[in-house]
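Asks: Just the structure for this:
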Amino acid sequence: MPKTVRVVFTRHANRKDVNKTGITQAGARKSKAQGTKRALAGQIVKRYSSSSKRNLSTAKKAQKGYEELVGKRYKLRVRKDITTPVPNKKEWERTVREDFHGDKKAATIAWLRGKITSDIVLKPNVFVKDLIRKRVGLGKRVVRIGARDLVLESFTHQELMLGIFEMLTGERIEKLRKPLDIKYLESFEIVLFKNGNARLKIRDKTYDITQRLNRILRN
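Replies: The predicted structure is shown next:
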């Protein structure tokens, strides 16, 4: 059996802007249940989050659900490099509201196509590539060391997950047969094999991303 490491990107829990956590009570319960589910599955998980309150709150709840069953294994790591690519949040929200009639998915597609200026949203070909190098590159190093069946889970935003998906698969989200709209707490995983191959798994689809991933990690 070839040694593998899974790099998992998970969207934060149900959003709520008017409280300190940034997520709903139901979202908090679901986050904890997600951590419990991974523990019950026997997974060894290292979790990462940005300092964004929604991501961090989600990650902390998942960590709690996990540790209540298996105890502490790895400390939750907070990373500034897994953050929203929006340097001007108010202008981004205005752009979504006025230019895209509140359709954040349409605004995200415009961002991925380079149609929104970098003073509002950082360019995906720079930001997403850097994110892949830092998170998936870590997984590559762990594979080389010899770890097996380890999950490296990063809690992040839908925009970044869609950007990573496009960059690694070469697929455009608006041209898929089924529209790709990543739900709260939904994940996709990048499976890294000891022989250097890589697969991206999302829902019932699997993509061979070996060449694209290796090209990004080399450059």
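
Asks: So what's the residue count around Arg133?
Replies: 17 (other Cβ atoms under 10 Å). Any C-beta I mention is one placed from the backbone N, CA and C, and that applies to glycine too.

Asks: what secondary structure does it sit in?
Replies: Using DSSP: H, G, I helix; E, B strand; the rest coil, the three-state assignment for Arg133 comes out as helix.

Asks: need the contact list for it.
Replies: When the contact criterion is Cβ atoms under 8 Å, 6 or more residues apart in numbering, the partners of Arg133 are 216-217.

Asks: and if we set it to 10 Å?
Replies: Under the criterion of Cβ atoms under 10 Å, 6 or more residues apart in numbering, the contact list for Arg133 reads 81, 140, 213, 216-219.

Asks: who wins for neighbours among those?
Replies: Across the contacts of Arg133, the neighbour count under other Cβ under 10 Å reaches its highest value at Leu213, namely 24 neighbours.

Asks: SS state for that one?
Replies: Classified using three-state DSSP, Leu213 is helix.

Asks: and if you look at Glu174?
Replies: helix.

Asks: now it, nearest residue through space, not along the chain?
Replies: Distance criterion Cβ to Cβ, 6 or more residues apart in numbering; nearest residue to Glu174, sequence neighbours excluded, is Ile109 at 5.5 Å.

Asks: likewise Gln34?
Replies: Ala62 (5.2 Å).

Asks: Can you verify the one you found is assigned to a helix?
Replies: Yes: following the definition three-state DSSP, Ala62 is counted among the residues of a helix.

Asks: still on that earlier bit, farthest-separated two in the contacts of Arg133?
Replies: Greatest spatial distance among those (Cβ to Cβ): Asp81 and Arg218, at 19.2 Å.

Asks: Make sure Arg6 is actually in contact with Leu152.
Replies: Yes: applying Cβ atoms under 10 Å, one finds Arg6 in contact with Leu152, separated by 7.1 Å.

Asks: Give me the more crowded residue out of those two.
Replies: With other Cβ under 10 Å as the criterion, Arg6 and Leu152 differ in neighbour count, and Leu152 comes out ahead with 25 against 19.

Asks: what's the strand or helix carrying that one packed up against?
Replies: With elements delineated by DSSP states H and E, Leu152 resides in strand 150-156, which encompasses its position. Applying 3 or more Cβ pairs under 10 Å, 6 or more residues apart in numbering; DSSP states H and E, one finds that strand 150-156 contacts strand 4-11, helix 25-40, strand 44-49, helix 53-70, helix 124-145, helix 158-169, strand 187-193.

Asks: Pick the most deeply packed of these.
Replies: The highest mean neighbour count among these, using mean count of other Cβ atoms under 10 Å, belongs to strand 4-11: a mean of 23.

Asks: Specify the angle between that strand and strand 44-49 in degrees.
Replies: When axes from the mean of the first three to the mean of the last three Cα atoms, to 10 degrees is applied, the directions of strand 4-11 and strand 44-49 differ by 40 degrees.

Asks: Okay, now the sheet partners of strand 4-11, with direction.
Replies: Sheet pairing of strand 4-11 (DSSP bridges) gives strand 150-156 (parallel), strand 187-193 (antiparallel).

Asks: Cool, thanks, signing off.
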